[in-house]
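In: Next input, structure requested:
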Amino acid sequence: MAADLAALAKKRKIQYFLISYVDLFGALRAKLVPARAIGEMQKAGAGFAGFATWLDMSPADSDMFAVPDPDSLIQLPWKPEVGWLASEIVMDGKTVAHSPRGVLKAQIARAAKLGQRMKTGVECEFFLVTPDGRAVADTRDTHSKPCYDQSALMRRYDVITEICDAMIALGWRPYQNDHEDANGQFEMNWEYDDCLVTADRHVFFKYMVKSIAEKHGLRATFMPKPFLNLTGSGCHAHVSVWDKSGKTNLFHDPKGELGLSKLAYHFLGGVLHSAEALCALFNPTINSFKRINAPVTLSGATWAPNTITYGGNNRTHMVRIPDAGRFELRLMDGAANPYLMQAGVLAAGLDGVAARRDPGKRLDINMYTHGHTVKGVKRLPLNMLDSIRLFEKNPVLRAGLGDAFVDSYAKLKHEEWRRFAGSLTPWEIDNTIDC
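Out: Below is the predicted model of the structure:
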């Protein structure tokens with residue numbers, strides 16, 4: 001039975017609820033509902049006009065309702081009188097086919113029919129910048145190799161520990177926080193879980209980081225490449241598939257190569273097979289392609305992939321196998337929609353298992369320095385338009401994610417590209433004004 005939100009409000013002294021959903025572009029939308037009304041909202045949902053957000057709807061469409069999932073309830077650690085809820089998006093009594101959380105739940109149901117469940121962990125990288133977003137907030141953070149810089153980390157002690165303490169209080173089991181490879185960049189890690197739980201927490205984490213940073217007079221950004229000369233922000237995903245009980249890791253095989261089972265390699269083969277098209281979900285913005293196809297940065301390496309390859313414990317490949325029983329997918333960036341990135345991994349992986357796709361031979365080379373010596377290796381798309389075209393034509397993702405979602409997502413992303421193409425950039429003025 002679902003928890004009674006009205007009763008929980010009284011027990012936990014919650015005065016308001018944020019009934020929220022994430023649109024196709026990853027924007028978090030919400031209505032603030034007083035606790036006195038949450039009982040009715042739990043049944044019927046909070047009403048929204050879908051066209052007003054990035055969903056493939058028109059002003060003529062019916063009201064859209066966000067029906068809260070009680071299991072997702074999180075009290076804001078910095079404002080405990082407010083409870084946050086992820087929601088199911090419903091219109092005319094049916095789940096909206098292209099709602100991101102619904103798309104992920106559909107993939108989870110597909111896996112469940114096979115007796116499988118995917119567990120994931122994410123590595124969220126972000127920058128702390130000035131309120132106008134134009135510069136790194138810490139003017140003393142200037143080293144060319146700032147990764148793990150203790151002094152720079154401790155200058156942001158108040159912000160980082162407030163976020164980490166919040167995760168501890170929420171039971172997420174955070175285990176490390178560090179200054180990342182770019183000036184002003186940080187990463188915070190918490191324990192892996194079922195992929196829907198991870199996705200819900202990922203959504204809330206981004207909101208929490210931005211809110212706490214703002215409280216301290218700073219701005220947090222998950223933008224993939226806010227500074228051209230610095231390493232971009234990734235969102236690496238650690239992936240494993242378990243049995244339906246969640247107790248046995250089906251990816252783990254002590255006799256398998258690098259401790260991975262045949263199932264794991266087929267799953268990986270599916271991800272590699274559709275990687276070009278998956279960029280549309282994993283690298284969803286125009287800015288994303290300044291991270292995965294970037295020249296060498298100030299630190300000496302971008303730490304981002306540009307080819308579709310996998311290796312052992314080797315960070316120059318798109319997929320890394322750090323130890324037995326899991327792999328790390330390093331393609332995603334900070335702009336990825338938390339639900340759609342998980343759905344994309346699962347859809348492609350399930351296809352790999354069904355088709356018994358072979359990921360090919362592992363490459364144990366430095367792809368940054370010796371990638372040009374390998375023949376037949378596919379490179380990642382160079383821009384968002386190419387990725388969307390590959391995505392909408394990909395039969396695997398159409399079959400797995402559904403035509404309704406693929407068509408809606410591609411439609412809105414094509415519109416975004418046209419808006420970008422219709423803009424005039426300073427580069428064009430600088431380089432063609434005297435033509």
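In: Can you tell me the SS state at Arg315?
Out: Per DSSP: H, G, I helix; E, B strand; the rest coil, the secondary structure class of Arg315 is coil.
In: per-residue confidence for Ala2?
Out: For Ala2, the pLDDT comes out at 76.
In: ok, now which ones touch it?
Out: Applying CB atoms under 8 Å, 6 or more residues apart in numbering to Ala2 gives the contacts Gln42, Pro70, Asp71. C-beta: built from backbone N, CA, C; applies to glycine.
In: Confirm that it sits in a helix.
Out: No - if the criterion is three-state DSSP, then Ala2 is coil and not within a helix.
In: follow-up on the earlier one: report the buried members of the contacts of Ala2.
Out: Buried members of those, counted by 16 or more other CB atoms under 10 Å: Gln42, Pro70.
In: JSON lines for the contacts of Ala2, including distance to Thr373 and secondary structure?
Out: Putting the contacts of Ala2 into JSON lines (distance: CB to CB, whole Å; DSSP: H, G, I helix; E, B strand; the rest coil) gives the following:
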{"residue": "Gln42", "distance to Thr373": "59", "secondary structure": "helix"}
{"residue": "Pro70", "distance to Thr373": "55", "secondary structure": "helix"}
{"residue": "Asp71", "distance to Thr373": "50", "secondary structure": "helix"}
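In: Just the closest of the contacts of Ala2 to Phe289, please.
Out: Top of the list for closeness to Phe289, among the contacts of Ala2 and by CB to CB, is Asp71 at 36.2 Å.
In: Looking at the closest one now. What's its pLDDT?
Out: Note on Asp71: pLDDT of 96.
In: How about Gly133?
Out: Gly133 carries a pLDDT value of 97.
In: Report how many residues lie close to it.
Out: Gly133 has 11 neighbours, counted by other CB atoms under 10 Å.
In: surely it meets Phe222?
Out: No - Gly133 lies out of contact with Phe222 (CB atoms under 8 Å); the separation is 11.9 Å.
In: And the contacts of Ala2, which is closest to Asp63?
Out: Sorting the contacts of Ala2 by distance to Asp63 puts Gln42 at the head of the list, at 17.1 Å, by CB to CB.
In: How many residues are close by Ile308?
Out: Ile308 has 23 nearby residues by other CB under 10 Å.
In: What helix or strand is Val406 located in?
Out: Val406 belongs to helix 403-421 when assigned by DSSP states H and E.
In: Helices of the stretch 1-150 of the chain, residue ranges please.
Out: Assigned by DSSP state H, counting those that start in this stretch, the stretch 1-150 of the chain shows helices spanning 5-12, 38-44, 100-113, 150-155.
In: And the first one, what's buried?
Out: Within helix 5-12, the residues scored as buried using 16+ other CB under 10 Å are Leu5, Ala6, Leu8, Ala9.
In: Please tell me how far Leu258 sits from Thr309.
Out: Separation of Leu258 from Thr309 (CB to CB, to the nearest Å) stands at 15 Å.
In: I should have written Ser299 there, sorry.
Out: Counting by CB to CB, the gap from Ser299 to Thr309 is 22 Å.
In: between the top helix by length along the chain and helix 100-113, how many degrees?
Out: Among the segments of the chain that qualify as a helix by DSSP state H, the longest is helix 195-215. Here helix 195-215 runs at 150 degrees with respect to helix 100-113, directions being taken by axes from the mean of the first three to the mean of the last three CA atoms, to 10 degrees.
In: Comparing Leu258 and Thr309, which residue is more hemmed in?
Out: Shown here are Leu258 and Thr309; by other CB under 10 Å, Thr309 has more neighbours (25 against 17).
In: show me what contacts that one?
Out: Taking CB under 8 Å, 6+ apart, we find Thr309 in contact with His317, Met318, Val319, Leu363, Met367, Gly371, Val374, Val377.
In: 6 Å instead?
Out: For Thr309, the contacting residues are His317, Met318, Leu363, Val377, by CB atoms under 6 Å, 6 or more residues apart in numbering.
In: Next one: the closest residue to it other than its chain neighbours from Val374, what distance?
Out: Nearest non-adjacent residue to Thr309, counting by CB to CB, 6 or more residues apart in numbering: His317, 4.8 Å away. Relative to Val374, His317 is positioned 11 Å away (criterion: CB to CB).
In: Likewise for Ala35?
Out: 59 Å.
In: Which one of the two is surrounded by more residues?
Out: Comparing Ala35 with Val374 by other CB under 10 Å, the one with more neighbours is Ala35, at 20 against 12.
In: where does the nearest residue to the more buried one once chain neighbours are set aside land on pLDDT?
Out: Of all residues not flanking Ala35 in the chain, Ala9 sits nearest, at 3.9 Å (CB to CB, 6+ apart). The model reports Ala9 with a pLDDT of 97.
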